[in-house]
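J.: build me a model:
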Amino acid sequence: MKDQRKTDIKVGFTVIVAILLFIWILGWAKNFSLNANRTSITIKFQNVAGLEIGDNVTVNGVRKGFVDDVVLKNDFVMVSVSLEPDVDLRSNAVFSVMMLDLMGGKKVEILPGNASEKLDIKQVQIGSFSADVPSVMVMIGKLENELPQMFKQVNVTLASLNEYLGDKNLQSNVKTAASNLVVISDQLKNVINENRNQIKLLTSNSAELTSEAKDFFAKNKESLHTTIVDVSALVKKTDSFISKLDELVVETKDQKNTAGKLLYDDKLFTDLKETLQTVKELVKILTEQLKNEGVNVKADLDIF
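T.: All right, here's what the predicted structure looks like:
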């Protein structure tokens, strides 16, 4: 009886361990978690290519969560993912759906980003779909009808190119151009050989001139500096003179000086005009008297 009880205890213990192990494996496979501090993020995709609830969510390739929900909304898909609390996502994080393996599984890959601001998990994030093998095969299938036309155009292009390159005149022209290039190269070589000494002398003179100019500037550095300073001072004085001249013109125009008052005084101009008119009449009278009887002077003198 005692041995039977020990056997029952062993069997019960083994069953309990097996059940716990089964629950742990099932929870690991289905991403079950008792942690209530997991982070939930909603991501908007145009295409999820077969992503399902329970699929993995990786951060930089490390498994850190699972897909909690997938909801179709008109022409886009809303995906809710659950992440472990230690995942640090920044405002420039990138979300994408990728192929998990060659068997066709899918996962949500997250690049956490490196911005200074943290990601606002309350906002809906925008995700993208990275093309996988089935998508590439679909694209190739769409190109199936276009490939013959593309090859046909390539054949036409190659035929035209062969016809162009096979033109006798073109071949002759190319040969002539190559021959002329060889002749020009030979002539240039001869010119260089014939003028080697002159070129050497010219180079030497240029180097000597550069050296002399360098020595000149080195020896006259202080004089040149003084000249530049004097010229700068002269320019400043000229600017000051022009400024004062402008002020004088403005004062004259505004009648703030004697010249301005004389030039812009209307009364003075009127008086001068009347005086000239009087002088003109006096000259006219004197001229008529000189032509006739001479100058007649009437004077009343009071002697006392």
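J.: how many residues are close by residue 50?
T.: Residue 50 has 14 neighbouring residues, counting by other C-beta atoms under 10 Å. Backbone N, C-alpha and C define where each C-beta goes, glycine included.
J.: quick check: phi and psi at it.
T.: Main-chain torsions, residue 50, degrees, to the nearest 10: phi 90, psi 10.
J.: wait, it sits on residue 107?
T.: No. Counting by C-beta atoms under 8 Å, no contact exists between residue 50 and residue 107, whose distance comes to 11.1 Å.
J.: need the three-state assignment for residue 113.
T.: Following DSSP: H, G, I helix; E, B strand; the rest coil, residue 113 is assigned to coil.
J.: for it, what are phi and psi?
T.: The phi and psi values for residue 113, taken as degrees, to the nearest 10, are phi 80, psi 170.
J.: again with residue 250
T.: Taking degrees, to the nearest 10, you get phi -60, psi -40 for the backbone angles of residue 250.
J.: next: residue 92.
T.: Phi and psi for residue 92, reported as degrees, to the nearest 10, are phi -100, psi 30.
J.: which residues does it contact?
T.: Applying C-beta atoms under 8 Å, 6 or more residues apart in numbering, we find residue 92 in contact with 113-115.
J.: can you tell me how far it is from residue 126?
T.: Separation of residue 92 from residue 126 (C-beta to C-beta, to the nearest Å): 12 Å.
J.: go on, residue 146?
T.: The spacing between residue 146 and residue 126, counted by C-beta to C-beta, is 31 Å.
J.: now residue 88
T.: Distance of residue 88 to residue 126, computed by C-beta to C-beta: 20 Å.
J.: number of residues surrounding the closest residue in space to residue 51 that isn't next to it in sequence?
T.: Distance criterion C-beta to C-beta, 6 or more residues apart in numbering; nearest residue to residue 51, sequence neighbours excluded, is residue 106 at 4.4 Å. For residue 106, the count of nearby residues is 20 (other C-beta under 10 Å).
J.: quick one: residue 106 and residue 54 touch, right?
T.: No. If you go by C-beta under 8 Å, residue 106 and residue 54 don't touch, sitting 11.0 Å apart.
J.: so who does the residue nearest to residue 51 touch?
T.: Residue 106 sits next to 48-52, 55, 97-100, 132 when contact means C-beta under 8 Å, 6+ apart.
J.: okay, strands next: where are they in the chain?
T.: 39-45, 56-59, 62-73, 76-83, 94-99, 106-111, 125-129 (DSSP state E).
J.: buried residues in the shortest one, which are they?
T.: Taking 16 or more other C-beta atoms under 10 Å as the basis for neighbour counts, the residues of strand 56-59 that come out buried are 56-57, 59.
J.: now do the same for that strand: mean pLDDT, whole number.
T.: For strand 56-59, the mean per-residue pLDDT is 91.
J.: mind giving me the packing neighbours of it?
T.: Applying 3 or more C-beta pairs under 8 Å, 6 or more residues apart in numbering; DSSP states H and E, one finds that strand 56-59 contacts strand 62-73, strand 76-83, strand 106-111.
J.: low-confidence ranges in the stretch 201-304 of the chain?
T.: By pLDDT under 70, the low-scoring segments of the stretch 201-304 of the chain are 261-262, 265, 292-304.
J.: returning to that earlier point: most neighbours among the contacts of residue 106, which one?
T.: Most neighbours among the contacts of residue 106, by other C-beta under 10 Å: residue 97, with 26 neighbours.
J.: now it: closest residue in space, sequence neighbours ignored.
T.: In space, residue 97 is closest to residue 129, 4.9 Å off (C-beta to C-beta, 6+ apart).
J.: out of the contacts of residue 92, which is nearest to residue 40?
T.: Nearest to residue 40 among the contacts of residue 92: residue 113, at 18.5 Å, using C-beta to C-beta.
J.: list the residues that contact that closest one.
T.: Residue 113 makes contacts with 89-94, 119, as judged by C-beta under 8 Å, 6+ apart.
J.: now, of the strands of the chain, which is deepest in the fold?
T.: strand 106-111 (a mean of 21; mean count of other C-beta atoms under 10 Å).
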